[in-house]
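A.B. asks: Pasting the sequence and the predicted coordinates here, then a few questions.
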Number of protein chains: 2
Amino acid sequence: MADNIPDIVIGRLPVYLRELTRLSEEEGKITTSSHELGQRLGISSAQIRKDLSHFGEFGKQGTGYHIKYLIDQLQEILHLAREWKVVLVGAGYLGHALAHYRGFQDRGFRIAWVFDNDPAKIGETLNSLIVQSITELEETVEKHEVKVAIIAVSAEAAQEITDRLVAAGISAILSYAPIHLKVPSGVHVSYSDPVVQLQRMAYYLV
Amino acid sequence: MADNIPDIVIGRLPVYLRELTRLSEEEGKITTSSHELGQRLGISSAQIRKDLSHFGEFGKQGTGYHIKYLIDQLQEILHLAREWKVVLVGAGYLGHALAHYRGFQDRGFRIAWVFDNDPAKIGETLNSLIVQSITELEETVEKHEVKVAIIAVSAEAAQEITDRLVAAGISAILSYAPIHLKVPSGVHVSYSDPVVQLQRMAYYLV
């Protein structure tokens, strides 16, 4: 695997993968081009070719990309040829939405455990997953060597949960808490805050 | 207002704003420095000073930033001195989570209308909002001159909903549908797809 590839390039690969999957599964296409892919994603074809060139030669002059082959390669690059089991912390409204989200299917991830600290929620069933007590968090993460977690708890609780997840062995966290989390180097955090996204767009509104 | 400021700079301002608000409201601080802010956010102090310098002089050598003043200025820059009423389309699990999300409060946005096309959901109450029929979407957007929408519908429905929103006057869309949306220039779209975020991190997992 090539080293030192900018994270912004890595960040576009899942978007290419998603669109290629749509082209293949929903439109039955066999081949595509950087031009077609770029048109569909609002990205220049030169950018797509440059991004992919970090990892090898995937297309042929004139015939373009064989979609299924490129999907396989991108899955390999992103370590998605396996399924990552995910720990979800927080069984509130957002936890419900995540546990029921069908978009995880066939994309490399599956929420396999849900935890909460609220006695009213523990034992509840979310899309066939039983909400477990947060006291069982570390044991589960360690026993199953879980690497990926989603945090759907309040800003107040998020750092403590993060510390516990990291101590138990988690190294990738998707956080919906509206707070910057402190983690040791080697642990990756991705944030989802609807207000931050809306505020960024509001700059452009008159 | 300065022109041609990179969107990546604009994207960091809401994160600064969020952290400054925490410093002020939860920790009672009056002043801060680019160094302190950078430490808390994992961003270099030089980056923060450079980002803010696009918009004016907010700090003083030696004393740093007066937090409340900087909050006011950032709110002004991002057009958050007013409250943006938001249309939410989709009253499924995610719609429920968004309608109940307390994080919108005092941050410039309020979900004021919720729409769905499912007769079983229309008339339901989500956090004191009554789910309206999608047939009333355009009328509501036009009547109240709504500019901001959140899409929490399936990939299959998202483009049609987007087209209807844009035709009715919406110019900023936060979409949770796992699909790239086509919009005319001048309309801003921000995406939230947990799988894209998880896949990007998986690249770094061994």
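C.D. replies: Received it, and whenever you're ready, just let me know what you need.

A.B. asks: The closest residue to residue A:49 other than its chain neighbours and chain B, how far apart?
C.D. replies: Spatially, and ignoring its direct neighbours in sequence, residue A:49 is nearest to residue A:34 (4.8 Å; Cβ to Cβ, 6 or more residues apart in numbering or on different chains). Where C-beta positions appear, they are placed from N, C-alpha and C, glycine not excepted. Computed as Cβ to the nearest Cβ, to the nearest Å, the residue A:34 to chain B distance reads 15 Å.

A.B. asks: Report the contact partners of residue A:34.
C.D. replies: A:45, A:46, A:48, A:49, A:52, A:59, A:64, A:65 (Cβ atoms under 8 Å, 6 or more residues apart in numbering or on different chains).

A.B. asks: again with residue A:202
C.D. replies: Shown in contact with residue A:202 (Cβ under 8 Å, 6+ apart): B:78, B:79, B:80, B:84, B:108, B:148, B:172.

A.B. asks: Now the buried members of those residues.
C.D. replies: B:78, B:79, B:80, B:84, B:108, B:148, B:172 (16 or more other Cβ atoms under 10 Å in any protein chain shown).

A.B. asks: Same list, those, but as JSON lines with secondary structure and pLDDT please.
C.D. replies: Putting the buried ones among the contacts of residue A:202 into JSON lines (DSSP: H, G, I helix; E, B strand; the rest coil; pLDDT from 0 to 100) gives the following:
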{"residue": "B:78", "secondary structure": "coil", "pLDDT": "97"}
{"residue": "B:79", "secondary structure": "coil", "pLDDT": "97"}
{"residue": "B:80", "secondary structure": "coil", "pLDDT": "96"}
{"residue": "B:84", "secondary structure": "strand", "pLDDT": "97"}
{"residue": "B:108", "secondary structure": "coil", "pLDDT": "95"}
{"residue": "B:148", "secondary structure": "strand", "pLDDT": "98"}
{"residue": "B:172", "secondary structure": "strand", "pLDDT": "98"}
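
A.B. asks: Make a markdown table from those and add distance to chain A to it.
C.D. replies: Converted to a markdown table, the buried ones among the contacts of residue A:202 look like this (distance: Cβ to the nearest Cβ, whole Å):
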| residue | distance to chain A |
| --- | --- |
| B:78 | 5 |
| B:79 | 5 |
| B:80 | 6 |
| B:84 | 6 |
| B:108 | 6 |
| B:148 | 6 |
| B:172 | 4 |
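
A.B. asks: Let me know the closest of these to residue A:161.
C.D. replies: Nearest to residue A:161 among the buried ones among the contacts of residue A:202, counting by Cβ to Cβ, is residue B:108 at 27.1 Å.

A.B. asks: Verify the stated contact: the closest one with residue B:85.
C.D. replies: No: under the criterion of Cβ atoms under 8 Å, residue B:108 is not in contact with residue B:85, lying 10.6 Å apart.

A.B. asks: ok, the lengthiest strand in chain A: who's next to it in the sheet?
C.D. replies: Longest strand of chain A, by residue count under DSSP state E: strand A:109-116. Taking DSSP bridges as the criterion, strand A:109-116 forms sheet pairs with strand A:84-89 (parallel), strand A:129-133 (parallel).

A.B. asks: Please identify the most buried of these.
C.D. replies: strand A:84-89 (a mean of 22; mean count of other Cβ atoms under 10 Å in any protein chain shown).

A.B. asks: tell me what the following helix or strand past it is packed against?
C.D. replies: Next in sequence after strand A:84-89, counting helices and strands by DSSP states H and E, comes helix A:93-100. Helix A:93-100 sits against strand A:84-89, strand A:109-116, strand A:125-126, helix B:93-100, with contacts defined as 3 or more Cβ pairs under 8 Å, 6 or more residues apart in numbering or on different chains; DSSP states H and E.

A.B. asks: 6 Å instead?
C.D. replies: Applying 3 or more Cβ pairs under 6 Å, 6 or more residues apart in numbering or on different chains; DSSP states H and E, one finds that helix A:93-100 contacts helix B:93-100.

A.B. asks: partner residues bridging the residue most central in space within chain A?
C.D. replies: Nearest residue to the geometric centre of chain A (Cα atoms, centre = their mean): residue A:174, 7.3 Å. Here residue A:174 sits in beta bridges with residue A:150, residue A:190, going by DSSP bridges.

A.B. asks: Tell me who's in contact with it.
C.D. replies: By Cβ atoms under 6 Å, 6 or more residues apart in numbering or on different chains, the contact list for residue A:174 reads A:150, A:190, B:194, B:197, B:198.

A.B. asks: Buried ones among the residues you listed?
C.D. replies: When these are checked for burial by 16+ other Cβ under 10 Å, the buried set is A:150, A:190, B:194, B:197, B:198.

A.B. asks: Can you tell me which of the residues you listed is nearest residue A:140?
C.D. replies: residue A:150 (14.0 Å).

A.B. asks: Residue numbers of chain A in contact with chain B?
C.D. replies: Taking Cβ under 6 Å from any Cβ of the partner chain as the contact definition, chain A meets chain B at A:10-11, A:14, A:41, A:78-79, A:93-94, A:96-97, A:100, A:103, A:107, A:109, A:147, A:172, A:174, A:178, A:180, A:188, A:190, A:192, A:194-205.

A.B. asks: Selecting buried members of the residues you listed in PyMOL, what would you type?
C.D. replies: Applying 16+ other Cβ under 10 Å to the residues of chain A next to chain B leaves a buried subset, and the PyMOL line that selects it is:
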select buried, chain A and resi 10+11+14+41+78+79+93+94+96+97+103+107+109+147+172+174+178+180+188+190+192+194+195+196+197+198+199+200+201+202+203
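
A.B. asks: now what about stretch A:154-172, what contacts it?
C.D. replies: With contact meaning Cβ under 6 Å, 6+ apart, stretch A:154-172 is reached by A:89, A:138, A:141-142, A:147-149, A:151, A:153, A:177-179, A:181, A:183, A:187-188, B:201, B:205.

A.B. asks: For residue A:167, I want the exact helix or strand it lies within.
C.D. replies: Going by DSSP H and E, residue A:167 is in helix A:155-168.

A.B. asks: Just the CA atoms of that helix, as CSV, please.
C.D. replies: C-alpha atoms of helix A:155-168 as CSV (Å, rounded to 0.1, in the frame of the first residue of the first chain):
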residue,chain,number,x,y,z
ALA,A,155,-21.7,16.1,24.9
GLU,A,156,-21.4,15.7,28.7
ALA,A,157,-20.9,12.0,28.5
ALA,A,158,-18.9,11.7,25.3
GLN,A,159,-15.4,12.2,26.6
GLU,A,160,-15.7,9.6,29.4
ILE,A,161,-17.2,7.1,27.0
THR,A,162,-14.4,7.8,24.5
ASP,A,163,-11.7,7.2,27.2
ARG,A,164,-13.3,3.9,28.1
LEU,A,165,-13.6,2.8,24.5
VAL,A,166,-10.0,3.7,23.7
ALA,A,167,-8.8,2.0,26.9
ALA,A,168,-10.6,-1.2,25.8
